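Enquirer: Quick check, what structure comes out for this input:
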Amino acid sequence: MASVETEDEEPLYEWLEDVEDLESYRPGGYHPIHIDDEIKNRYCVVHKLGFGSYSTVWLARDQQLNRFVAMKVSIASASTESSETRILHHIRVAGHQHPGREFVTTLLDDFDLEGPNGRHRCLITEVTGPSVGKVRYETPGNRLPTSVARRIASQSAKGLAFLHSCGVVHGGKIHSYFTFIYADHSEDFHYNNVLFEIPNFHSWSVEEVYRHLGEPRKKLVKRTDGTPTTPAAPSYVVMPPDPLQLAGLIFDSNDWSIKITDFGESFLTVDTKKPSPNIPISVAAPEILFQDSIISPKVDIWSLACLIYEVFSNHGLIESFFNDLDEVMIEMVRTFGKLPERWWTEWENRDQYFEENGTFKLDSGDLSGEPRTVNLKERLENIRRRDEMGQKELSGDLEALELVLGKMLRYEPEERISIDEVVSLLPF
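Expert: Residues are numbered from 1 along each chain as shown. Coordinates of the predicted model:
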C-alpha cells in the first residue's frame, strides 16, 4: 500500500502530539472526520479509538441496529480492496456454528466513502477493548491473574481452530498497542492482536462511554501560513483515549471474552501466492525466519504456543533484548536443540556460539561458563519469575502445558500438532 508522500515539503499544519500526521490530510490521505458526523446516514461518530499511517479508527453508534461499532477509515491511496477485507468477507460467511467463531472479530459492514481527499474504504467491526499484551504489560509485575491467563489461552486456541477450519492462516503484522482495534496491521498471531471484549459495552449509553473513557479531547488544526483550513482537513483532531481505563471492567466481571483481530496479512490455504509474513522474530516459526518457500497453517501453531507461554508468564518464551536474529537462534537451540541441517548450515553465525553438534563453544562470549541448555520443562518451572504464589498456583497445569507446548514447538512444521489437537490437549 502506498502512503501519502509528504517528505521534503513545507508543512501545511502546525504539529500536534498524540494524533495522526496532519500532513496526511491531503488528496490520497485521511478522510476528515468530526464527532457527531453521520456516515452513510447510519453511523454516528462518538469517539476516536486509534490511528495509524494508513487509517483512523472511530467509535460510532449504528443507528439502525442501536449498537456501538468500530469504524476503520483507510487513507484514499490505500483504499483498494485489501487482503484484510477479502479475509473478513470469507470469515463472515463461514462456519457460524463452530464453537470458536465467537472469539474472532466479525465484519459487520464495509463500503466506500467519498470525500475531499478521495475515496476511502470503511470497515465496520465489533468494538473491542485493550490488547492482552497492553493489559499484561500494565499489571503489577507484568503478570496476568492465572484464571485470566487460562481463559485467554483456551479462547485463543478455539478462535484459531475456527480460522483454520475456514482455511484461513492468520499470518500477519502488529503495532496496535495504543488502540482498541487495529488501525493498520499487527504482527502475527500474538498477544497484541488478541483483544479483550468489554462486557455489556453495547448496552451502554453515550454518556456511559464518556464516563468510562472521558469525553473526546479535541485539538484545533491550524495551518502554518495562518489561513483557514480547507475541507481537506478537519477543524480539529481527536486524541484517542487510553483503553486501559476499561481494564478494571474486565477483571471485575466474569463475562469477558477475547477477540482475535487483524487479518491484514492473512491468507487462505488455497491461495497459490502467499505473503511473506511480517512477524516479530521472537515469536516467528523457524520456517519464517529462514524464509522457506512453503508457509502453512503450522506457523500459527508456533505463534500460539508463544502466546500461551507469555499470557501465563511475565516474560517471553524466546527472549531477545535487541530483537536480534542471532539472539533468537541461540535461545531456540538452547531450548529445543540443534536446528534441522538445512537451517543449521544456513545460519552463518552459528560457529560463533556452537560446535557443529549443537553444543555451546566454551568461548562463546558472555555465555561462557554458564549452563548452556534451558529446556522447555525448566522454562515452565520458572514461568512466573519472582512470583512464588503464581508459580504454585500453576503447578497443576505445568505437566499438561509441557506436553502440549512441546508438541506445538517442533522445528519441522509437519511434526507440529494441529489446532484441534491443541484444543483437546489444553488442560483448561
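Enquirer: Confidence-wise, which helix or strand of this protein is lowest on average?
Expert: helix 247-251 (a mean of 80; mean pLDDT, DSSP states H and E).
Enquirer: Helix or strand for the closest residue to V283 other than its chain neighbours, just tell me which one.
Expert: Closest residue in space to V283, ignoring its immediate chain neighbours: C306 at 4.2 Å, by CB to CB, 6 or more residues apart in numbering. Every residue, glycine included, has its C-beta placed from N, CA and C. Using DSSP states H and E, C306 sits in helix 298-312.
Enquirer: which outside residues touch whichever strand or helix holds S395?
Expert: For S395, the host element (DSSP H and E) is helix 388-408. Residues outside helix 388-408 that contact it (CB atoms under 8 Å, 6 or more residues apart in numbering) are 143, 146, 150, 301-302, 304-305, 308-309, 312, 376-377, 380-384, 416-417, 421-422, 425-428.
Enquirer: buried set for the least confident helix or strand of the chain?
Expert: 247, 249-250 (16 or more other CB atoms under 10 Å).
Enquirer: Likewise for stretch 109-126?
Expert: Applying 16+ other CB under 10 Å to stretch 109-126 flags 109-110, 113, 117-118, 120-126 as buried.
Enquirer: re the thing from before, show me what the following helix or strand past the least confident helix or strand of the chain is packed up against.
Expert: Next helix or strand after helix 247-251 toward the C-terminus (DSSP H and E): strand 257-260. Contact partners of strand 257-260 among helices and strands, from 3 or more CB pairs under 8 Å, 6 or more residues apart in numbering; DSSP states H and E: helix 146-165, strand 194-197.
Enquirer: quick one, which of the ones you listed is packed in tightest?
Expert: Compared across the helices and strands packed on strand 257-260, strand 194-197 shows the largest average neighbour count, a mean of 25 (mean count of other CB atoms under 10 Å).
Enquirer: May I have that one exported as CSV, CA atoms only?
Expert: C-alpha atoms of strand 194-197 as CSV (Å, rounded to 0.1, in the frame of the first residue of the first chain):
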residue,chain,number,x,y,z
VAL,A,194,-5.8,-10.8,20.8
LEU,A,195,-8.1,-8.2,22.4
PHE,A,196,-10.5,-8.1,25.3
GLU,A,197,-14.2,-7.7,24.6
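Enquirer: other SSEs contacting the helix or strand following that strand?
Expert: Next helix or strand after strand 194-197 toward the C-terminus (DSSP H and E): helix 206-213. Judged by 3+ CB pairs under 8 Å, 6+ apart, helix 206-213 is in contact with strand 43-51.
Enquirer: strands paired with the following helix or strand past the strand it packs on, and their directions?
Expert: Following strand 43-51 in sequence order, the next helix or strand is strand 55-62 (DSSP H and E). Paired neighbours of strand 55-62 in the sheet (DSSP bridges): strand 43-51 (antiparallel), strand 67-74 (antiparallel).
Enquirer: Could you dump those strands into CSV and include mean neighbour count?
Expert: Output for the strands paired with strand 55-62, formatted as CSV (neighbours: other CB atoms under 10 Å):
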stretch, mean neighbour count
strand 43-51, 22
strand 67-74, 23
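Enquirer: G29: which of these is closest?
Expert: strand 67-74 (10.2 Å; CB to CB).
Enquirer: Tell me what angle that closest one forms with helix 206-213.
Expert: Using axes from the mean of the first three to the mean of the last three CA atoms, to 10 degrees, the direction of strand 67-74 lies 70 degrees away from that of helix 206-213.
Enquirer: circling back: could you list every helix and strand that the helix or strand following the helix holding C306 packs against?
Expert: Going down the chain from helix 298-312, the next helix or strand is helix 325-336, by DSSP H and E. Contacting helix 325-336 under the criterion 3+ CB pairs under 8 Å, 6+ apart are the following elements: helix 286-289, helix 376-381.
Enquirer: what do you get if the cut-off is 7 Å, keeping everything else the same?
Expert: Contact here means 3 or more CB pairs under 7 Å, 6 or more residues apart in numbering; DSSP states H and E; on that basis helix 325-336 packs against no helix or strand.
Enquirer: Show the average pLDDT along it.
Expert: The pLDDT scores in helix 325-336 average 92.
Enquirer: what's the angle from it to helix 388-408?
Expert: Using the same axes, to 10 degrees, helix 325-336 lies at 90 degrees relative to helix 388-408.
Enquirer: buried set for helix 325-336?
Expert: 327-336.
Enquirer: ok now it, how far from the chain's centre?
Expert: Centre-to-centre, helix 325-336 and its host chain are 23 Å apart (CA atoms, centre = their mean, to the nearest Å).
Enquirer: what's next to it, contact-wise?
Expert: Helix 325-336 has contacts (CB atoms under 7 Å, 6 or more residues apart in numbering) with 281-282, 286, 289, 318-320, 339, 347, 349, 353-354, 358, 372-376, 379, 409, 411.
Enquirer: Please write out the alpha-carbon positions of it in CSV.
Expert: Taking Å, rounded to 0.1, in the frame of the first residue of the first chain, the C-alpha atoms of helix 325-336 are listed here in CSV:
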residue,chain,number,x,y,z
LEU,A,325,18.2,-12.9,14.9
ASP,A,326,21.4,-14.5,16.4
GLU,A,327,19.9,-14.0,19.9
VAL,A,328,16.7,-15.7,18.9
MET,A,329,18.5,-18.6,17.3
ILE,A,330,20.7,-19.1,20.4
GLU,A,331,17.6,-19.2,22.6
MET,A,332,15.9,-21.7,20.2
VAL,A,333,18.9,-24.0,20.2
ARG,A,334,19.2,-23.7,24.0
THR,A,335,15.6,-24.7,24.4
PHE,A,336,14.8,-27.1,21.5
